[in-house]
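Peer 1: how does the following fold in three dimensions:
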Amino acid sequence: MNSHTKEILGSVLSVIGTIEAAIGSTPFKKINKDVSFDLRLTGNALQASGSALSADGQGSISLEKLGDEIQAVGNSTVIGGLLLDLGDKKDQRLIITGNWLQALGSLVGLADEFEDSTESGRAYNIIGNLLQGIGNSMQAVGGVEQLKQTIPKKPTFVSVGVVGSWIQATGSVISLMGQIKEEIEEIELGINE
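Peer 2: Numbers count the residues shown, from 1 in each chain. This is a model prediction of the structure:
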């Protein structure tokens with residue numbers, strides 16, 4: 001698989017994962033707790049795989065590659081928080097840390113877009129990375145709010161974390177559009193960044 005294909009496929013996996021995790025984070029009446037957990041788990045696994053694949057497709061060391069790697073670590077940290085069963089507070093702290101890492105990775109990748117030699121897709125990638133960083137930050141803040149509550153309450157459709165999940169998903173879709181445009185231009189120019 002060539003590097004351009006890796007980056008596009010990685011972005012596709014990230015989109016599927018963010019949407020799946022957002023559905024799992026949203027309190028739909030018809031989705032029970034186990035299905036919600038599974039959606040969040042597989043969504044984060046897809047995001048981690050997508051970010052790792054995108055990083056592997058990078059032609060050289062760059063902020064974009066570093067951002068993808070940080071995001072993959074962030075998703076892996078969220079997975080640890082979901083699976084390790086260290087106790088509710090420790091698990092929640094891992095999930096919060098994972099969301100902060102994902103936000104950091106998005107913003108590091110955003111910084112690279114201002115240096116990128118390809119014009120095509122740049123605006124999409126800037127907006128998409130910014131939205132993902134904002135969404136992940138909101139998820140982390142929502143997690144902190146949950147951690148501080150002495151009586152845990154169920155998230156609602158307007159909870160900070162739920163809204164953040166959907167903002168992240170929207171950003172990942174916009175980034176996918178930008179990534180496709182960027183890769184097409186790179187193929188036409190015969191470069192790999």
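
Peer 1: CA atoms for contacts and neighbours, from now on please.
Peer 2: OK.

Peer 1: and the helices in the chain?
Peer 2: For the chain, the helices defined by DSSP state H occupy 3-25, 33-56, 63-83, 88-113, 122-148, 160-189.

Peer 1: list the buried ones in the second one?
Peer 2: Looking back up the chat, that one is helix 33-56. Neighbour-count burial for helix 33-56, counted by 16 or more other CA atoms under 10 Å, picks out 36-37, 39-56.

Peer 1: got it, and the longest one?
Peer 2: Of all the residues in helix 160-189, those buried under the rule 16+ other CA under 10 Å are 160-186.

Peer 1: any idea how far it is from the chain center?
Peer 2: Distance of helix 160-189 from the chain centroid (CA atoms, centre = their mean, to the nearest Å) equals 10 Å.

Peer 1: can you list the weak-confidence ranges in the protein?
Peer 2: 150-153, 156-157 (pLDDT under 70).

Peer 1: how does it look with 50?
Peer 2: Judged by pLDDT under 50, the chain has no weakly predicted residues.

Peer 1: who's in contact with the nearest residue to Thr42 once chain neighbours are set aside?
Peer 2: Spatial nearest neighbour of Thr42, chain neighbours left out: Gly17 (7.0 Å); criterion: CA to CA, 6 or more residues apart in numbering. With contact set as CA atoms under 8 Å, 6 or more residues apart in numbering, Gly17 has these partners: 42-47.

Peer 1: can you tell me which two in those are farthest apart?
Peer 2: Greatest spatial distance among these (CA to CA): Thr42 and Gln47, at 8.5 Å.

Peer 1: quick check: the closest residue in space to Trp166 that isn't next to it in sequence vs Met177, distance?
Peer 2: In space, and not counting its chain neighbours, Trp166 is closest to Ala22: 5.7 Å by CA to CA, 6+ apart. Separation of Ala22 from Met177 (CA to CA, to the nearest Å) stands at 19 Å.
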